[in-house]
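A.B. asks: Provided below for reference: sequence and predicted model.
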Amino acid sequence: MYLKRIEIAGFKSFADKTVIDFENSVTAVVGPNGSGKSNITEAIRWVLGEQSAKSLRGGKMPDIIFAGSDTRKQLNIAEVTVILDNSDHYLPLEYNEISVTRRYRRTGESEFFINKQSCRLKDIQELFLDSGLGKESFSIISQGKVEAIFSSKPEDRRGIFEEAAGVLKYKQRKKKAEQKLFETEDNLSRVQDIIHELEEQLTPLAAQSEAAKEFLRLKETLTQTDVSLMVAEIKTAKKDWDNKQAQLAKFNLELGKLSESIQEQESILAKQRKENAQADRLIEKNQQVLLDLSEKLKQTEGQKDVLQERTKHTQKSSQEYQTSLAEAQKKVKHFEKLQESLMKAAAEKETEIQKAEANLIKTQQELEKYQKSTKELLAELRDQYVDLMQEQAAVGNELKYLERQYIQETAKSKQTLAKQSEVEASVDRLILQKEELTQKQAQLKSSLTETKEKLEMIQQNGKKFQEALAKEQPKMYQLMNQVQQLRARKKSLQEIQENYFGFYQGVRLVLQHKQQLSGIVGAVAELIDVPADFTLAIEAALGGAAQHVIVENEKDARQAITYLKQQRGGRATFLPLTTIKPRQLPAHILTQAAAVEGFIGIASEQVSYPDQIQTVVQNLLGTILLAKDLTSANAIAQTIRYQYRVVSLEGDVMNAGGSMTGGANKRGNQGSLFVQNQELKRLTSEFEEADKQLQAQEKKVQELQQETARLAEEQEVLRTRGEQLRFEEQEATNQLQNIINELERFEKEKQISTFETRELQQFIEDYEKQTNELKDKQTDLESQRQKIDEEIKSLSQESDQMEARRAQVQSQKAQEQADLAVLKEQFNHLQIQLRGARVQKAEATERQEAIEKQLATLTADFSDHEVTEESLEKQINELSAQRETLKAELAKAKEQRDRRQKEIDKLEAVLAERNREQKARLSEQSKLEVQKDRAEMILDNHLTYLQSEYQLTFEKASQDYQETTDIEDSRTKVSSLKEQIEKLGPVNLNSIEQYEQVSERHTFLATQRDDLLAAKNQLFETMDEMDDEVRTRFKEVFEAIRQEFKIVFPNMFGGGKAELVLTEPTDLLKTGIEIEVQPPGKKLQSLSLLSGGERALTAIALLFSIIRVCPVPFCILDEVEAALDEANVKRFGRYLSDFQDDTQFIVVTHRKGTMVAADVLYGVTMQESGVSKIVSVRMEDINEEAKINETKV
């Protein structure tokens, strides 16, 4: 078998449908980085069943779909199909050609096909299981997988060898067998729990069955006698109750009329009293309002007086401020005029001073010109002329010297600059290398520190997770046991309820067949939900009525009774919803009972039930009272004159009429139907809670196990990475030190060159500066010489005239200085006057503004006072009017109240007389009611007894049983029968049938248990056989690969040796595999210390060893030889050629040596941005073309 073709559409960078045909030889896939050639490898991995998006270099599965580019939109479907030539039937299918297709949509939907037939991912994985092409196989290898082999734990490496040995299918079968074993043990545990419970029931049920038979015989006789007696006593009690009821009805009619009259008078009186009370409240309210009005009027008048006084004061202050304001305004105007005149005079004086100073300066300049005599000036000018000529000659000589020195230094600087450029280039190069190495060293140190910290943290976390796992696993096992026990107990109790154990025979038969009978609602006991605290009380209150069957109507009841007669299945009492009427306590009885300490409430209000059976619950429990204990029940019964039954929480009963029932049986309330319901609810709740806790605990343990395993893997990865980082960091440190030494040498040379360059630069700067200065000086000297020459000529002609003019200017200067001093004195005096005027004006202005503000405030206050005074006057008038009106209303209300009070006094006298008459009549009514209630109580007790004990109505009893003629004899016989039944103790009427059912179920479950034990043993044998097969195959294949690896490794390395070692040779099912290698010329060392090339070559050697022992149809290698040197690449290519007869190789590569070994080359390009294209070339065609070209040449 070999890979014939692959079709890719929409997968990663292959946006267009791309078909690649492979031949059964060596194929190389080449292309630049980022062109998408590795996407071909990942497409094959994906279609063969890869589920991890990370293994496909993605974050999540939608990342494998073409994401779009600058010119194309993203696609929504990725599809890959591989076509395999199966003519040798390597895969277990009858087809000569097999196509496997995988399709994925961006919405998350996946589709799988084998030969275009829809299938599951599991079907594809099972197809390639143990074929050498599975998930753990060596058929698809990339650089990352090569690294993973060496960094993984020894236990993780065994997967490769298991795939080669073909034992994965046995491991999967064993896993399924273990799951079946767990299920079998779980079922066996449940069966044994049920058998144990049934065995505990069998012995007591046998004894109960015999007692039940005797009980039924006595019960039948008792029923016949007791019911006949009750029929007679009910007729007697009914007759007495009817007489009392007629008398009471007549008396109540008369009393009713009197009560109506009293109520009418009371209504009138209440109305009068209410109106009078309202009038009193109104009078009191109005009196208070009157007081408030008077007080408010007084306060308002006082405010008005105060306000008038303030207004007078404001008017007086306003007049005074008006006078002050006029004076202030007058002063401001005076000082403004004074300031203007002074400023004008000062400005004029300042102008005169400026003119005088200008004239003085001109005179001074002219005077200085004539200070020296003309002869002296001529002598000085000639001396200056000679000095200038000599200085010009010296500057010219200095300029020639500087020019010669500049030529010498310029030549020297060229040599220095050339050398300096070389040094700087070398220094820049070394500095760049140093920065790169320093950055690399820092990164390596940071990575090493980070790796150490991560390793320590992961080790600590791993320890914590291991401790947590050791702590949580026992909890999980404990919860498992608890859940199994609760499940068994719950199921057992459910079976008891489903079979209606505990119900009377007739009731149970009806309930078991209620699907066949129409209108069966259910038994009272299964429809009523009783709180645990009220179980004994409600059970005692209902008695046998708990097993009454509720039906829709009388027709359904008749049908059920007919069914029982036909089946001879016993008797049952039915409660038709259409005929049963609710019963309730009179309000006065409930009021009396509620006043007694220990009263709880009505029994019907303490239970919950469907709305459909409300009338039944009210009928059975609506007239029964509940008390805290027997003492309270007794007190309540006395209060209500024993007219109704009262039941305590302990199940003690105060019957109507005064009889008491109480005590306890040996079994307590274990057989109670209500207790069974409560127990089932409790078990269901506990089971659900325990199961929930178990699921949470299992999830927690699983997470801890996964996290522990993950942390262990991370520890190993970090250790390997730490060793590699330390090696790289030491190597970088050595390189950095060499660069530092070289930089120090160059730095010294650079300093010398810099010093020489700086000196030269300083010389050039000094040269230019000195040259410019000398040239400027030379120009300046020439200019001075010419000027002096002209002055000498001029002075020689005008010497006499200049002397006369000097004397005249000297006199003019003295007069101008005297005039200027007088002007400055006058100006200073004007400045002092101006400053004084300004200060006085500012003070007057400030005073004026203050008075204006105060005057504005007084004006506003005066306006407010006028408005407020008008408002107060208006309030005073309104308050006075309100006070007078209220006084008149108050007098009128008092008069009406007094008149109404007289009418009330008359009505109270009449009502008192009628109340006395009513009280006397109520006393007589109470006596008559007691007599009637006593008769009713006796009748009710008899009816209740008949209903609770025999589930019979009076009408039914009268029809089915003959009335006794001798009541006393019947009472004696009933007492005797009850004593005999009492001696039997508690009897389980269902024990006969229960015993038969439990015995039959016990036999059935015992057979099931034996079958489960046999299945368990068979599973253990099957698992042992699979373990033996795995051990045998693994050992044979491992030994063969080990021997082959010892041969291939030295061939690949050109020497050295290697060994595969089992970490646990005695446990071939769990042992890990260590790889020990010794490259030529080196000592035996850890895998983590090998270089990248040595690791890759070792992995390739292992690959060829596995293929030699267990050939695979095809092998895909993705840049596995990238770290090899050229010699090893050529050796790798030769091995590919040697193995191509048995295995098809597809190699993704950059290396020329691998390309030379290939028969077909596929080039992957990106002519369009982001979209990969395929170009193919056959090496044979290239060789033939080369030969043709050589022949032509």
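C.D. replies: Alright, I've got the coordinates.
A.B. asks: elements contacting the helix or strand that contains residue 159?
C.D. replies: Residue 159 is part of helix 154-165, with elements assigned from DSSP states H and E. Counting contacts by 3 or more C-beta pairs under 8 Å, 6 or more residues apart in numbering; DSSP states H and E, helix 154-165 packs against helix 991-1053, strand 1073-1078, helix 1092-1109. Any C-beta I mention is one placed from the backbone N, CA and C, and that applies to glycine too.
A.B. asks: could I get these as JSON lines with mean neighbour count, mean pLDDT and distance to residue 102?
C.D. replies: Listed next are those as JSON lines, based on neighbours: other C-beta atoms under 10 Å; pLDDT from 0 to 100; distance: least, C-beta to C-beta, whole Å:
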{"stretch": "helix 991-1053", "mean neighbour count": "16", "mean pLDDT": "81", "distance to residue 102": "30"}
{"stretch": "strand 1073-1078", "mean neighbour count": "18", "mean pLDDT": "85", "distance to residue 102": "32"}
{"stretch": "helix 1092-1109", "mean neighbour count": "22", "mean pLDDT": "80", "distance to residue 102": "26"}
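A.B. asks: which one of these lies closest to residue 458?
C.D. replies: Evaluated with C-beta to C-beta, those place strand 1073-1078 nearest to residue 458, the distance being 22.5 Å.
A.B. asks: Counting by contacts, list what the closest one packs against.
C.D. replies: Right, strand 1073-1078 is packed against helix 154-165, strand 1057-1062, helix 1092-1109 by 3+ C-beta pairs under 8 Å, 6+ apart.
A.B. asks: try it again with 6 Å
C.D. replies: Contacts defined by 3 or more C-beta pairs under 6 Å, 6 or more residues apart in numbering; DSSP states H and E place strand 1073-1078 against helix 154-165, strand 1057-1062.
A.B. asks: Relative to residue 688, which of the ones you listed is closest?
C.D. replies: Comparing the helices and strands packed on strand 1073-1078 under C-beta to C-beta, the one sitting nearest is helix 154-165, at 39.3 Å.
A.B. asks: I'd like the mean pLDDT over that closest one, please.
C.D. replies: Mean pLDDT, computed over helix 154-165, is 73.
A.B. asks: so the helix or strand where residue 689 lies versus helix 1092-1109, what angle?
C.D. replies: With secondary structure defined by DSSP H and E, residue 689 is part of helix 673-797. Relative orientation of helix 673-797 versus helix 1092-1109 (axes from the mean of the first three to the mean of the last three C-alpha atoms, to 10 degrees): 140 degrees.
A.B. asks: how far is helix 673-797 from where the chain is centred?
C.D. replies: Offset of helix 673-797 from its chain centre (C-alpha atoms, centre = their mean, to the nearest Å): 39 Å.
A.B. asks: now do stretch 496-508
C.D. replies: Stretch 496-508 sits 51 Å away from the centroid of its parent chain (C-alpha atoms, centre = their mean).
A.B. asks: Most tightly packed of the helices and strands packed on strand 1073-1078?
C.D. replies: Of all the helices and strands packed on strand 1073-1078, helix 154-165 has the most neighbours on average by mean count of other C-beta atoms under 10 Å, namely a mean of 20.
A.B. asks: For residue 427, give me its contacts.
C.D. replies: By C-beta atoms under 6 Å, 6 or more residues apart in numbering, the residues touching residue 427 are residue 746.
A.B. asks: go on, the one 3 residues further on?
C.D. replies: Contact partners of residue 430, counting by C-beta under 6 Å, 6+ apart, are 739, 742-743.
A.B. asks: Phi, psi for it please.
C.D. replies: Per-residue torsions, residue 430: phi -70, psi -40 (degrees, to the nearest 10).
A.B. asks: distance of it from residue 102?
C.D. replies: 55 Å (C-beta to C-beta, to the nearest Å).
A.B. asks: ok, now residue 787?
C.D. replies: For residue 787, the distance to residue 102 - C-beta to C-beta - is 107 Å.
A.B. asks: What of residue 431?
C.D. replies: Distance, residue 431 to residue 102, using C-beta to C-beta: 55 Å.
A.B. asks: ok, the two, which is more surrounded?
C.D. replies: residue 102 (22 against 13; other C-beta atoms under 10 Å).
A.B. asks: quick revisit: which stretch among the helices and strands packed on helix 154-165 comes nearest residue 760?
C.D. replies: Per C-beta to C-beta, nearest to residue 760 of the helices and strands packed on helix 154-165: helix 1092-1109, 53.0 Å.
A.B. asks: Give me the residues contacting the helix or strand hosting residue 617.
C.D. replies: Using DSSP H and E, residue 617 sits in helix 614-621. With contacts defined as C-beta under 6 Å, 6+ apart, helix 614-621 is touched by 541, 545, 550, 575, 580, 582-583, 603-604, 609.
A.B. asks: ChimeraX command for the buried members of those?
C.D. replies: Here is the ChimeraX selection string for the buried members of these, based on 16 or more other C-beta atoms under 10 Å:
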select :541,545,550,575,580,583,603,604,609
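A.B. asks: Which ones among the contacts of helix 614-621 map onto helices?
C.D. replies: residue 541 (DSSP state H).
A.B. asks: Keep only those of the contacts of helix 614-621 that are in strands.
C.D. replies: 550, 575 (DSSP state E).
A.B. asks: which residues are contacting stretch 272-279?
C.D. replies: 893, 897, 900, 903-904.
A.B. asks: actually stretch 1036-1045, not the one I wrote
C.D. replies: Applying C-beta under 6 Å, 6+ apart, the set of residues contacting stretch 1036-1045 from outside is 161, 164-165, 1058, 1060, 1105-1106, 1108-1109.
A.B. asks: please redo it, this time with the cut-off set to 7 Å
C.D. replies: Residues from elsewhere that reach stretch 1036-1045, judged by C-beta atoms under 7 Å, 6 or more residues apart in numbering: 161, 164-165, 1058, 1060, 1101-1102, 1105-1106, 1108-1110.
A.B. asks: what's the answer for stretch 89-106, then?
C.D. replies: 1, 46-47, 61-62, 64-65, 76-87, 110-116, 124, 127, 131, 1113.
A.B. asks: Would you mind checking these for buried ones?
C.D. replies: Buried subset of the contacts of stretch 89-106 (neighbour count, 16+ other C-beta under 10 Å): 1, 46-47, 61-62, 64-65, 77-86, 112-114, 124, 127, 131, 1113.
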